[in-house]
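Trainee: give me a model of this one.
(one chain, ligands or ions: 1)
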Amino acid sequence: LDGGAAHVMFIPSAGMAHLVPFFRFITALSSHGVHCSVMTVLPTVSDAEADHFAALFAAFPRIQRVDFNLLPLDATAFPGTDPFLLRWEALRRSAHLLDRLIAGATPRVSAVVTDVTLASHVIPVTKQLQLPCHVLFISSATMLSLVAYFPIHLDKKQDDGGAAGVGVGDVDIPGVRRIRQSSLPQPLHDLNHLFTKQFIDNGRALSQADGILVNTFDALEPMALAALRDGKVVPGFPPVYAIGLLKSSSSTSSSSTDGAGGERQAAAASSSPVIAWLGEQPERSVVYIAFGSRIAVSHEQIREMGAGLEASGCRFLWVLKTTVVDREDTAEPRDVLGDEFLERVKGRGLVTKGWVEQDAVLRHAAVGLFLSHSGWNSVTEAAACGVPLLAWPRGGDQRVNAMALESGGVGVWMERWSWDGEDGVVSGREIGEKVKAAMADAAVRAGAARASQEAAKAVAEGGTSYRSMQEFIGKLKA
Ligand code: BUP
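Mentor: The predicted model follows:
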């Protein structure tokens with residue numbers, strides 16, 4: 001594909017789940033000759049984000065950094081609000097400053113790609129500059145259909161005279177599926193929540209975009225993609241480009257293809273102790289457990305998980321997080337699990353904290369199952385490698401993603417498992433039994449292998465995602 005003389009300005013949002021797909025898409029476009037610039041806000045909310053910005057600009061000197069200085073936001077006006085949500089609000093309120101930065105960039109910017117959390121404020125700026133604006137949607141197509149349809153759902157409820165007092169209710173997305181109220185992102189239950197206000201604003205703004213890019217592929221979410229494209233979800237919706245699965249910018253050509261058709265590495269050339277440990281484990285013998293950067297697991301639930309993993313008899317690699325990514329994690333695994341536990345599982349279980357190169361872990365041939373919160377990047381990374389997921393979603397878009405991954409055949413959603421604070425802890429016995437069963441389940445394994453083969457086909461020359469990318473790049477050049 002040839003990007004010609006196009007210059008795309010990217011406006012990412014905050015949070016690793018937002019930056020990861022942006023950086024993957026930016027490096028993909030850049031490799032096709034598109035000139036890419038990235039609006040960069042420093043300091044970031046978390047250290048992980050700052051490290052990733054630095055790594056992007058160091059590894060790809062052709063990618064241009066444009067500093068974006070935000071107007072100060074009085075955080076005391078939003079007591080108790082999640083720091084990422086506050087950053088999104090600050091970005092939105094500073095969006096009018098983007099016009100000078102975009103207009104002043106050289107070579108002349110020919111298109112803008114923004115994060116969905118900023119859509120309602122960035123699209124008007126691009127309209128004034130008479131530039132096309134695309135949205136890179138960072139979650140599943142099923143979640144995209146919810147964001148797009150949610151304002152219509154509320155309007156309908158109001159027309160029916162229902163809204164007040166009865167809650168948001170189940171959301172029946174035409175042509176896609178019914179999302180039960182309990183599976184919606186939690187803040188949507190409160191129409192006055194800052195998250196909900198942004199969600200509705202951005203959902204309405206999507207129709208004004210010139211196109212929406214999604215890190216998925218047709219065979220993974222056929223219903224949601226067809227309904228969005230046919231205008232069943234929102235009449236006259238812009239074109240939806242399924243361009244996944246996007247490759248990690250650090251994926252190397254040394255990746256080999258295993259029998260399952262997935263992109264696995266027998267022995268990753270990495271000095272990381274985690275990868276080295278995986279290198280000593282038999283093929284597909286390890287359960288990888290990680291719940292993303294935004295879930296702090298209670299000590300009680302951690303101890304139950306430990307008991308369950310021990311009882312399962314399986315090997316495991318467990319990334320333990322007792323605090324969320326924007327706070328320092330001071331607890332050591334032994335403080336929570338005890339030395340005796342670590343001694344008992346020594347050799348077959350590795351418990352680690354802090355950042356791990358998850359994509360490299362999932363590409364490792366030793367990994368056979370991923371117990372995950374089903375953040376969409378995690379889902380796509382597992383799907384690309386043919387590693388089945390046992391989805392234990394918590395908040396945000398995770399339950400909707402869990403539905404999508406289950407119907408796409410990439411894994412199983414443990415719908416009955418909730419997190420502490422909701423219905424108490426999930427017992428070690430139940431976790432152990434399920435993990436053991438999933439590791440031995442040939443159908444689950446075959447489903448994930450199929451998804452990985454479909455994923456490879458989609459991005460190969462002539463595949464659905466390849467053609468979407470071609471179409472998008474063609475539009476940039478037009
Ligand atoms: Br934590 C962590 N290593 O240790 P999701 C994350 N990642 O490589 P999230 C690592 O960050 P939300 C780590 O591979 C994925 O690409 C991971 O995105 C990578 O979930 C990304 O999976 C995380 O979409 O966000 O960050 O928990 O809760 O908003 O889904």
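Trainee: near the ligand, which residues of the stretch 351-478 of the chain show up?
Mentor: W355, V356, E357, Q358, D359, G375, W376, N377, S378, E381, G396 (Cβ under 6 Å from any ligand atom). In this view, the C-beta of every residue, glycine as well, is placed from N, C-alpha and C.
Trainee: what's the farthest-apart pair in the residues you listed?
Mentor: Pairwise distances across these peak at 23.1 Å for E357 and G396 (criterion: Cβ to Cβ).
Trainee: these two: which has the busier surroundings?
Mentor: Neighbours per residue, other Cβ atoms under 10 Å: of E357 and G396, the larger number sits with G396, 24 against 16.
Trainee: so what's the residue nearest to that one when sequence neighbours are not counted up against?
Mentor: Excluding its sequence neighbours, the residue lying closest to G396 (Cβ to Cβ, 6 or more residues apart in numbering) is P185, at 5.1 Å. By Cβ atoms under 8 Å, 6 or more residues apart in numbering, the contact list for P185 reads F195, F199, G395, G396, D397.
Trainee: next one, pLDDT for P185 please.
Mentor: P185 is assigned 96 on the pLDDT scale.
Trainee: identify the farthest-apart pair in the contacts of P185.
Mentor: Largest pairwise distance in the contacts of P185, by Cβ to Cβ, is 13.3 Å, between F199 and G395.
Trainee: for the two, indicate the residue with more neighbours.
Mentor: Using other Cβ under 10 Å as the criterion, F199 and G395 rank with F199 on top: 21 against 15.
Trainee: wait, isn't that one in contact with A148?
Mentor: No: with contact defined as Cβ atoms under 8 Å, F199 does not reach A148; the gap is 10.9 Å.
Trainee: count the neighbours of the residue of the stretch 151-300 of the chain found nearest the ligand for me.
Mentor: Taking Cβ to the nearest ligand atom as the measure, the stretch 151-300 of the chain has G292 as its residue closest to the ligand, at 2.2 Å. Neighbour count of G292, defined by other Cβ under 10 Å: 21.
Trainee: now swap in C385 and tell me
Mentor: The number of residues packed near C385 is 29, by other Cβ under 10 Å.
Trainee: let me know the pLDDT of it.
Mentor: pLDDT, C385: 97.
Trainee: measure it to A448 for me?
Mentor: Distance of C385 to A448, computed by Cβ to Cβ, to the nearest Å: 8 Å.
Trainee: nearest to the ligand, of the residues of the stretch 351-478 of the chain next to the ligand?
Mentor: Looking across these and measuring by Cβ to the nearest ligand atom, the closest to the ligand is G375, at 2.4 Å.
Trainee: could you find the closest non-adjacent residue to that closest one?
Mentor: Nearest one to G375, counting by Cβ to Cβ, 6+ apart, is G292 at 4.4 Å.
Trainee: hang on, the one you found in a helix?
Mentor: No: according to DSSP: H, G, I helix; E, B strand; the rest coil, G292 belongs to no helix; its state is coil.
Trainee: could I get the contacting residues of it?
Mentor: Shown in contact with G292 (Cβ under 8 Å, 6+ apart): A17, S372, H373, G375, S378.
Trainee: circling back: out of the residues of the stretch 351-478 of the chain next to the ligand, which are inside strands?
Mentor: Among those, no member falls in strands (DSSP state E).
Trainee: just name the closest of those residues to L225, please.
Mentor: W376 (14.5 Å).
Trainee: how many residues are close by the closest residue to that closest one other than its chain neighbours?
Mentor: Here the nearest residue to W376 in space, its sequence neighbours aside, is S139; by Cβ to Cβ, 6+ apart that works out to 4.4 Å. Here the count is done by other Cβ under 10 Å, and S139 has 27 residues near it.
Trainee: N401 is in contact with S139, correct?
Mentor: Yes: using Cβ under 8 Å, S139 is in contact with N401, at 6.5 Å.
Trainee: overlap in contacts, those two.
Mentor: W376.
Trainee: tell me which residues are up against the helix or strand hosting M403.
Mentor: Per DSSP states H and E, M403 falls inside helix 398-407. Outside helix 398-407, the residues within contact range by Cβ under 8 Å, 6+ apart are 139-143, 146, 177, 179, 182-184, 220-221, 223-224, 373-376, 379, 383, 389, 391, 393, 411-413, 415.
Trainee: got a quick ChimeraX command for the buried subset of the residues you listed?
Mentor: Filtering the contacts of helix 398-407 down to the buried ones (16 or more other Cβ atoms under 10 Å) takes a single ChimeraX command:
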select :139,140,141,142,143,146,177,179,183,184,220,221,223,224,373,374,375,376,379,383,389,391,393,411,412,413
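Trainee: among the contacts of helix 398-407, which are in helices?
Mentor: A141, T142, M143, L146, M223, A224, W376, V379, A383 (DSSP state H).
Trainee: looking at those, which is nearest L337?
Mentor: Using Cβ to Cβ, V379 comes nearest to L337 of the ones in helices among the contacts of helix 398-407, at 27.1 Å.
Trainee: wait, that closest one sits on S372?
Mentor: Yes: judged on Cβ under 8 Å, V379 makes contact with S372 at a distance of 7.2 Å.
Trainee: alright, calling it a day.
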